[in-house]
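Engineer: give me a model of this one.
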Amino acid sequence: MTTKTMTGVEVRLNPEGFFEDPSQWTREMATEMATADGLALTDKHWQVIEFMRREFTEKGTGPTVRVLGKASGVSIKELYELFPKGPAKTAARLAGIPKPKGCI
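Structural biologist: So this is what the prediction gives:
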């Protein structure tokens, strides 16, 4: 576990950069992380990020790419355009939730 200061708040991250405590997450932190990744978050990005957080809150885990493509309102093709380095993994990290099961 490492700590990192984002938007003036110290947060705990695992070695892959996922929040240890999802309650520490804020939208501003997501924007900061996305900028560091070279992403400018659009309304479509936020649609996916908010869906990820809702799924985690309701089910205790983030959705897979397949579920994202079927239930988030964003197609799988769009997901890969929005999050080219892996939609489920990247969106989960930006949403402040653990890496979904099945992600490499």
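Engineer: now for the helix or strand Phe51 falls within, which elements pack on it?
Structural biologist: Using DSSP states H and E, Phe51 sits in helix 43-59. Here helix 43-59 touches helix 65-71, helix 76-82, helix 87-95, going by 3 or more CB pairs under 8 Å, 6 or more residues apart in numbering; DSSP states H and E. In short, each C-beta sits where N, CA and C put it, glycine included.
Engineer: next, the buried residues of stretch 16-33.
Structural biologist: For stretch 16-33, a neighbour-count test (16 or more other CB atoms under 10 Å) marks Phe18, Phe19, Pro22, Trp25, Met29, Ala30, Thr31, Met33 as buried.
Engineer: repeat for stretch 40-53
Structural biologist: For stretch 40-53, a neighbour-count test (16+ other CB under 10 Å) marks Leu41, His45, Val48, Ile49, Phe51, Met52, Arg53 as buried.
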